[in-house]
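A.B. asks: mind looking at a prediction? Sequence and model below.
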Amino acid sequence: MKHSHLIALKTAAWIACLYPFAYLVWGAFTNHLGIDQTATIAFTTGLATLRLLLITLAISPLRRLSPRLAWLIQFRRLFGLFAFFYGTLHLLTYVGLYANFDVHGMIVDIEKRRFITMGMAAWLLMVPLAATSTSWSIRKLGGRNWNRLHMLIYAAAVCGMIHYWWQVKTGVLTPLHMTIVLAALLLARPVMAWLKRRKERTVA
Amino acid sequence: MHIGKPPDIPSSEITPQSAYRQFMNRRRFLRNALATGAVALAADRVAQVIEPGRVALAGTKLQTVYSPLTTTGEQLTSYEDITHYNNFYEFGVEKDDPAKNAGALPTRPWTVKVEGKVAKPLAFSIDDLLKLRPLEDRVYRMRCVEAWSMVIPWVGYSFSELVKQCNPLPSAKYVQFLSYYDRHVEKWSDESTIYWPYSEGLRMDEAMNPLTLLTFGLYGETLPNQDGAPVRIVVPWKYGFKSAKSIVTIRFVEKQPPTTWNDMAPNEYGFYSNVNPNVDHPRWSQKRERRVGLPFYEQWRATLMFNGYGDQVASMYQGMNLHRYY
């Protein structure tokens, strides 16, 4: 891929990733955040987090499809960090609006309400990933350790999806589509490993 | 509670919030209003000619009288917000789905059957019901179990007025309300795993409380479909889901009837479901609520016991453990 194409694609990715945030900021200033503004903010940031986690998880299987897609890896950190960005905004929405900065109330919530516990866990699992996202960290940790650490994204995505299921009312199936995508992306890993092993065997 | 002389203004004369917002641009507002009026009149005429029996009554003005049971001192939620932020899962699970999809609901002709423990089963046409008693303007707070709230100027009369016409037997201890259900009309009803038709219920004394409103309209006009046309129940001291929409059957029963959300998740939605800031929903606190239609930094307020209607209803629950019977 030509450098200029890569720059253009990166710019496009940035714009796409910033779009939900820009929508919220614009809506806050122009009073266009829908009928229940708090809910709009919580839902937009939560959904963006999950979508970006899925996109991040899609990079590896996609680029294995063809050597010509190898450039995709250069976008993984961007999407992953934006997932953390929206996850953090989502958490701040909870802290500032739902919990009204009431620390005791939040402790009770996290202890008592499993959907909040699960959301909190998902965010905490993303923290070390965001913290070690620099090239320096990869060098420092060594590729192998870094890879191992970053497998936490699987746990974060699963916790995030359970958080979504536990938030909607019993019997509501809205998170189903995303769950199927996540399941496919997670299953793609052992399948890819198996295909790779088989290929190696045939070569040998 | 309002002290002193309440205002003698029917809700049909209160400026809707949306109109009020446009007040700064009065000329545009007037022009729009005139144009809308003209279009509406024309559309009404055309509809009368094409299909005289089925002219949708949604948006038809109702003649109303003042009620001392109306809630005062609250800013009304706008007509736009009341009609575009609905939970009506037969028409989709998203808040804006019912406004898009509920047009499919055939609200005329409409019959409400009364059955069960009554002297004899009855059937009321919607016109019978509209004429049974004078229609009152009743502003009520509406608190959803999801922790958002509205202030809605409903139109209707106390449900007890209808009960008096039905001669329930002494064995009738509860009333069950069943909503309209036709999966060919409500094609969105399989977006959830709810077992239809929607069912709700009240204890007899709750049903007879004068606040319990048999409701036909809002903002001085007939109900839009997404708000439960042509007739629904409104129980303002309970979470919103207790107020069944588009009612086709009223059944007097001896035992506590099965109710939809209680069946779906009994730990989350009790049969009583009185608004109670001291009993949390398992997944969130019920101490505060968000008034819709306001900016996010002004939305939140404390939730009131019995949604602020304790004076009229608390005595019904004397001695009852409201943590157990949530």
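C.D. replies: Here it is on my side, so go on.

A.B. asks: quick one: low-confidence ranges for chain B?
C.D. replies: B:1-58 (pLDDT under 70).

A.B. asks: which residue ranges of it form helices?
C.D. replies: Per DSSP state H, chain B carries helices over the ranges B:17-21, B:26-50, B:79-84, B:97-101, B:126-132, B:159-166, B:204-208, B:260-264, B:310-313.

A.B. asks: cool, chain A as well?
C.D. replies: A:3-30, A:37-65, A:76-93, A:103-112, A:114-131, A:135-141, A:143-149, A:152-167, A:176-203.

A.B. asks: per-domain residue ranges of chain B.
C.D. replies: Using automatic domain parsing, the domain parsing of chain B gives B:15-55, B:60-317.

A.B. asks: so which of those gets nearest chain A?
C.D. replies: domain B:60-317 (3.8 Å; Cβ to the nearest Cβ). (Glycine included, C-beta is placed from N, CA and C.)

A.B. asks: contacts only, for A:W123.
C.D. replies: Applying Cβ atoms under 8 Å, 6 or more residues apart in numbering or on different chains to A:W123 gives the contacts A:G87, A:T88, A:H90, A:L91.

A.B. asks: go again with 10 Å.
C.D. replies: A:T49, A:F84, A:G87, A:T88, A:H90, A:L91, A:Y94, A:A156, A:C159, A:G160, A:H163 (Cβ atoms under 10 Å, 6 or more residues apart in numbering or on different chains).

A.B. asks: follow-up on the earlier one: output the helices of chain A as TSV; include the columns mean pLDDT.
C.D. replies: Compiled in TSV, the helices of chain A are given as follows (pLDDT from 0 to 100):
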stretch	mean pLDDT
helix A:3-30	95
helix A:37-65	96
helix A:76-93	98
helix A:103-112	91
helix A:114-131	96
helix A:135-141	94
helix A:143-149	94
helix A:152-167	97
helix A:176-203	92
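
A.B. asks: now those as CSV including distance to B:V275?
C.D. replies: Shown next, in CSV, are the helices of chain A (distance: least, Cβ to Cβ, whole Å):
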stretch, distance to B:V275
helix A:3-30, 29
helix A:37-65, 19
helix A:76-93, 24
helix A:103-112, 19
helix A:114-131, 22
helix A:135-141, 51
helix A:143-149, 47
helix A:152-167, 21
helix A:176-203, 32
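
A.B. asks: quick revisit: deepest of the domains of chain B, which one?
C.D. replies: domain B:60-317 (a mean of 19; mean count of other Cβ atoms under 10 Å in any protein chain shown).

A.B. asks: B:I247 reaches B:G201, doesn't it?
C.D. replies: No: at 11.8 Å, B:I247 does not count as touching B:G201 under the criterion of Cβ atoms under 10 Å.

A.B. asks: so what touches stretch A:183-201?
C.D. replies: A:53-62, A:64-65, A:151, A:154, A:157-158, A:161.

A.B. asks: CA atoms only: put that stretch into PDB for me.
C.D. replies: C-alpha atoms of stretch A:183-201 as PDB (Å, rounded to 0.1, in the frame of the first residue of the first chain):
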ATOM      1  CA  ALA A 183     -18.600 -15.000  18.900                       C
ATOM      2  CA  ALA A 184     -17.500 -15.300  15.200                       C
ATOM      3  CA  LEU A 185     -14.400 -13.200  15.900                       C
ATOM      4  CA  LEU A 186     -13.500 -15.200  19.000                       C
ATOM      5  CA  LEU A 187     -14.100 -18.500  17.200                       C
ATOM      6  CA  ALA A 188     -11.900 -17.200  14.300                       C
ATOM      7  CA  ARG A 189      -8.900 -17.500  16.500                       C
ATOM      8  CA  PRO A 190      -8.800 -21.200  17.100                       C
ATOM      9  CA  VAL A 191      -9.900 -21.800  13.600                       C
ATOM     10  CA  MET A 192      -7.000 -19.700  12.300                       C
ATOM     11  CA  ALA A 193      -4.500 -21.500  14.500                       C
ATOM     12  CA  TRP A 194      -5.800 -24.800  13.300                       C
ATOM     13  CA  LEU A 195      -5.500 -23.800   9.700                       C
ATOM     14  CA  LYS A 196      -2.000 -22.600  10.200                       C
ATOM     15  CA  ARG A 197      -1.000 -25.800  11.900                       C
ATOM     16  CA  ARG A 198      -2.400 -27.900   9.100                       C
ATOM     17  CA  LYS A 199      -0.600 -25.700   6.500                       C
ATOM     18  CA  GLU A 200       2.700 -26.100   8.300                       C
ATOM     19  CA  ARG A 201       2.200 -29.900   8.400                       C
END
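
A.B. asks: nice, that's everything, thank you.
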